[in-house]
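J.: What would the 3D arrangement of this be:
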Amino acid sequence: MRKAICSFIYHKILGWKHKVSIPDYDKYIICAAPHTTNWDLIIGKLFYGAIGRKTFFMMKKEWFFEPLGSFFRSIGGIAVNRDKKNSLVDQMVEQAQKRKIFHLAITPEGTRSANGEWKKGFYYIALKAQIPIVLAGIDYQTKCITIEKEIFPSGDLEKDMREIKLYFKRFKGKYPKKFTIGEID
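T.: Take a look at the predicted model:
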């Protein structure tokens, strides 16, 4: 029922398409870009629902008061403690280890504005949890989300980040001027 509703909204009402050619692993990090608008979360959640998968996302623990807490958990929210004494990477690795299915969506830019200095937490979560990173390109120009590449972190951050950034070069966010892959050597 959920899949049918998400598919109807995503495909029929909004007119979006998708291309997915990677396996549905039990656990992975979804590196989603470009991220230029809050609509990306809604489009992304509808897309994943339409293909019958559930995603998780991180949200600061302060938002998990009732009744909002129950709502956020029901749509995949994971409460995180952003206190400097607590490592977000370690918190997410713990979540990955304790769950049978773990698909955590993260936008590497860390903002909806142009930022060539991408956050690397998604990479370190995948590396430490020993799970792949699935690259999800959101293209508003073609109204298509494309997942055709996965990265198994090698530990060579520069090499892997270069490959990840180059994958996203072809996608256009809702506001293209708000997205950059930064300088690539």
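J.: how about the strands in this protein?
T.: Ranges of strands in the chain, per DSSP state E, are 17-20, 27-33, 57-60, 77-80, 102-106, 133-139, 144-151.
J.: Go through those strands and name the closest to Gly121.
T.: Shortest distance between Gly121 and those, using Cβ to Cβ, is found for strand 102-106: 7.1 Å. C-beta: built from backbone N, CA, C; applies to glycine.
J.: Any idea how far that closest one is from the middle of the chain?
T.: 6 Å (Cα atoms, centre = their mean, to the nearest Å).
J.: swap in stretch 34-41?
T.: 11 Å.
J.: Can you show me the CA trace of that stretch as PDB?
T.: Taking C-alpha atoms only, stretch 34-41 is exported to PDB below (Å, rounded to 0.1, in the frame of the first residue of the first chain):
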ATOM      1  CA  PRO A  34      22.800  17.900  -5.300                       C
ATOM      2  CA  HIS A  35      21.000  19.200  -2.300                       C
ATOM      3  CA  THR A  36      19.700  22.700  -3.100                       C
ATOM      4  CA  THR A  37      16.200  22.700  -1.600                       C
ATOM      5  CA  ASN A  38      14.200  21.200   1.300                       C
ATOM      6  CA  TRP A  39      12.100  19.500  -1.400                       C
ATOM      7  CA  ASP A  40      14.900  17.100  -1.900                       C
ATOM      8  CA  LEU A  41      13.900  15.200   1.300                       C
END
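J.: picking that back up, with mean neighbour count and distance to Glu183 as new columns, can the strands of the chain be given to me in a markdown table?
T.: Formatted as a markdown table, the strands of the chain follow (neighbours: other Cβ atoms under 10 Å; distance: least, Cβ to Cβ, whole Å):
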| stretch | mean neighbour count | distance to Glu183 |
| --- | --- | --- |
| strand 17-20 | 14 | 28 |
| strand 27-33 | 24 | 16 |
| strand 57-60 | 17 | 27 |
| strand 77-80 | 17 | 30 |
| strand 102-106 | 22 | 22 |
| strand 133-139 | 23 | 20 |
| strand 144-151 | 18 | 20 |
